[in-house]
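**Student:** got a sequence here, can you model it:
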Amino acid sequence: MESRPEPFSWWVAFRNPAENYRNHPTYLVPDVIYHVIAALLLAHALRRGGRYPCLYFSALAHGVFTEVFSYWVPQINNFWHGHATVMFAGQRLPSYIVCQYIAVIYTSSVAAARLRLGLFATACATALTDSLYYHVFDVTGVKMLWWSWHDTDPNVYDRTYWVPWGSPYWRLSFASSFTLLFHGVHGMLGGQGMFQKGSLVAELGSAAVAVFLTFPVGVATQFIPLFHVVKDILVSELGSAAVAVFLTYPVGVATQFVPLFHVVKDVHGERLVAELGSAAVAVFLTFPVGVATQFIPLFHVVKDVLGVHAKRQLELDIDDLSVTDCLFSR
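**Tutor:** Purely as a prediction, here's the structure:
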């Protein structure tokens, strides 16, 4: 007898967690942890008040929009999540991934805002924090087969630790764009501070712009010119990643900061000077400071002195994994 699909099964579907544990025990780790983190961050947002709840739910909505949009566009529909306990959107979107967007964006944005760097520099700091946070999750997830990338797509072919070069820069471009739009539009609509609650128009307007325009703004102003153009011209994933990192600040100033805040520069003149100054320091000192304090002591010293070849070993380990261990079948 032919079985009928359950009502609303495209919107939400459930899987027995005991079955997930038997077939793929590590997959329960992010499934549980990110729901707990999201619940704790919701309590934090509600307790702090102001714009914190708006940031929380904007990050949630942005995550859902970004994921579902990616499933519908063939050119970027090149990854598949394993089946978690709760799945949305035709069993493509695990609920813990939605919570993961909240955890990464909310935490990074609040932490960067505490530095009191000014709007544009805060957006850059948010992007760097977001990318570092997410990259650990990215490397771990693909190693444990929590998701899979398309093996033959040229856009994700060249990788490090089996993570495509474009993945960390996707986080850089989207996190900076989200922060600029969320806080910048709020200021343009009359808001007085990053987390000081404004009018209903300012709150809804800034949230809607951040949710629906982060994707096109991030792609058009950063991801395409700084990653794909360099990759397609130089045919070098490594070169495109390096150019993307080193040119994020100046291109962001030219394509987003100046056009977006030109209207309010006369009102906040001193603040604008402070923001541009901090951005300039970040542009010209990130490279030497990063190389001198982190890259040489943490990478070259370990690799050259201790002879650690973690990348090769990790990729060999991934090749030995059986794809049948993953829960990608429905």
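**Student:** what is the helix or strand where A18 lies packed up against?
**Tutor:** When elements are assigned from DSSP states H and E, A18 belongs to helix 17-23. Contact partners of helix 17-23 among helices and strands, from 3 or more CB pairs under 8 Å, 6 or more residues apart in numbering; DSSP states H and E: helix 28-48. In this view, the C-beta of every residue, glycine as well, is placed from N, C-alpha and C.
**Student:** buried residues of the helix it packs on, list them for me.
**Tutor:** By 16 or more other CB atoms under 10 Å, the buried positions in helix 28-48 come out as L28, P30, D31, Y34, H35, I37, A38, L41, L42, A45.
**Student:** returning to that earlier point: would you mind writing the CA trace of the helix holding A18 as CSV?
**Tutor:** Output in CSV follows, covering the C-alpha atoms of helix 17-23 (Å, rounded to 0.1, in the frame of the first residue of the first chain):
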residue,chain,number,x,y,z
PRO,A,17,17.4,11.3,17.7
ALA,A,18,18.1,7.7,18.8
GLU,A,19,18.3,6.7,15.1
ASN,A,20,20.7,9.5,14.5
TYR,A,21,22.8,8.5,17.4
ARG,A,22,23.1,4.9,16.2
ASN,A,23,24.0,5.9,12.6
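**Student:** if you count neighbours, what's buried in it?
**Tutor:** Using 16+ other CB under 10 Å as the test for burial, helix 17-23 gives N20.
**Student:** wait, a helix at Y56?
**Tutor:** Yes. With the criterion set as DSSP: H, G, I helix; E, B strand; the rest coil, the secondary structure at Y56 is a helix.
**Student:** one step back: make CSV from the buried residues of helix 28-48 and add distance to W165 and pLDDT to it.
**Tutor:** Conversion of these to CSV gives the following (distance: CB to CB, whole Å; pLDDT from 0 to 100):
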residue, distance to W165, pLDDT
L28, 30, 91
P30, 23, 92
D31, 28, 93
Y34, 25, 95
H35, 30, 96
I37, 27, 96
A38, 29, 97
L41, 29, 96
L42, 34, 97
A45, 33, 96
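**Student:** just those now: which is nearest S9?
**Tutor:** For the buried residues of helix 28-48, the closest approach to S9 (CB to CB) belongs to D31, at 19.4 Å.
**Student:** ranges for the helices of the stretch 1-150 of the chain?
**Tutor:** Along the stretch 1-150 of the chain, counting by DSSP state H, counting those that start in this stretch, helices occupy 17-23, 28-48, 52-72, 95-113, 119-143.
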